[in-house]
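In: test case, fold it:
(chains A, B, C and D)
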Protein chains: 2
Amino acid sequence: MMFSTKAEYGVRVMVELGRRASEAPGAPVPLAEIAEHDQLPLAYLEHLVARLRRAGLVTSRRGAHGGYLLARPPQQITMAEVVEALEGAIAPIECISEGSDGRVVCSRETDPSHVCPTKLLWTRVRAQIVRTLQETTLSELIPVPTTAPVAV
Amino acid sequence: MMFSTKAEYGVRVMVELGRRASEAPGAPVPLAEIAEHDQLPLAYLEHLVARLRRAGLVTSRRGAHGGYLLARPPQQITMAEVVEALEGAIAPIECISEGSDGRVVCSRETDPSHVCPTKLLWTRVRAQIVRTLQETTLSELIPVPTTAPVAV
DNA sequence: TGATATCCTACCTCTCCGGTAGGTATTACA
DNA sequence: TGTAATACCTACCGGAGAGGTAGGATATCA
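Out: Predicted structure coming up:
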């Protein structure tokens, strides 16, 4: 297993916010309703949504009839942003990380003459994960509303 | 972080076995020498190499002048095999796994009518990881021997 | 027979995941 | 103006698993 439930639950929250926004645009969604809908612990979701808010992915309205809203339309929210906000920097393995200049560095490469032979592998894996997360937007995950949601 | 040091160390062991095999084919490599070379704890490597052996990726010779050998040429060993032997089945997230029939299943999809909207994302991520690991063989990671390894 | 290895089982410590608890600040509405 | 609803914040906590350590049993060569 590679991502924790933080990513799992957090993505579900984003999907649900997107779905609700398409049903009733502009109306804040209380977190309790999402917890109920997805059968997830509310108190724990509060921690996760706090990360999403600090990352600028959702906005909030406090008080009665408050709740959360997507900060941007779903087409403009990539899964890379969401997952990174929840899990931190994406690195397939502890020793690999991306420097500020974009170059992938291996913490075990102290001596520049002694290159890490496994770096190629983890760099490839990381690149594919990041690419997939960047190319998938929230809008792709939001289920299309079933026609005739109300009874006939 | 997604893979543990089991994968990190284990891949290093495989690379070192491949490198030594190209230098002295057929000669078993004692684990103590790998631990020394890569500055990794020997007792811990023993656990990891046991997994590699049970997966049929390395063979062993006990006793004095014993050690480990690659079970196959490096071109025929994929990183998917290595990582899976060390970490278990590759799943980006707990609720996603691949059934025996090859279909990706989500453990939260109890009700067949209620499809998991996030399944698409994790399926994509998983597929890319597996593909990358399958396409990278051990031979690609083994450093080419420096010409003139002996002193002039 | 001893040195060198693999091999096996048990244990141990620490971190962090997943979750709970309780309180405060803010807002809508009656 | 009060009260319910909601976000927001900090602290805590139990269990599991990561990352080892320890000690011995077994096999092999010189």
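In: the helix or strand bottoming out on mean pLDDT in chain A close to DNA strand D?
Out: In chain A, no helix or strand scores lower on mean pLDDT, DSSP states H and E than strand A:96-98, which sits at a mean of 78. No: with C-beta under 7 Å from any atom of the strand as the criterion, DNA strand D is not reached by strand A:96-98; the gap is at least 13.1 Å. To be clear about C-beta, it is placed using only N, CA and C from the backbone, and glycine gets the same treatment.
In: partner strands of that strand and their direction?
Out: According to DSSP bridges, strand A:96-98 forms sheet pairs with strand A:104-106 (antiparallel).
In: list the buried residues for the partner strand?
Out: Buried residues in strand A:104-106, counted by 16 or more other C-beta atoms under 10 Å in any protein chain shown: A:C106.
In: quick one: the helices in chain A?
Out: A:5-23, A:31-38, A:42-54, A:79-87, A:119-135, A:138-141 (DSSP state H).
In: what would those look like in TSV with mean pLDDT, distance to B:R51 and mean neighbour count?
Out: Output for these, formatted as TSV (pLDDT from 0 to 100; distance: least, C-beta to C-beta, whole Å; neighbours: other C-beta atoms under 10 Å in any protein chain shown):
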stretch	mean pLDDT	distance to B:R51	mean neighbour count
helix A:5-23	97	26	21
helix A:31-38	97	36	16
helix A:42-54	98	33	16
helix A:79-87	97	26	22
helix A:119-135	96	18	19
helix A:138-141	98	35	18
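In: tell me which residues touch the residue of chain A found nearest DNA strand D, please.
Out: For chain A and DNA strand D, the shortest gap (C-beta to the nearest atom of the strand) falls at A:S60, measuring 3.4 Å. A:S60 makes contacts with A:P28, A:R53, A:G66, A:G67, A:Y68, A:L69, as judged by C-beta atoms under 8 Å, 6 or more residues apart in numbering or on different chains.
In: same question for A:A91.
Out: A:S97, A:E98, A:R126, B:M1, B:M2 are the contacts of A:A91 under C-beta under 8 Å, 6+ apart.
In: so which of these comes closest to A:I142?
Out: B:M2 (25.8 Å; C-beta to C-beta).
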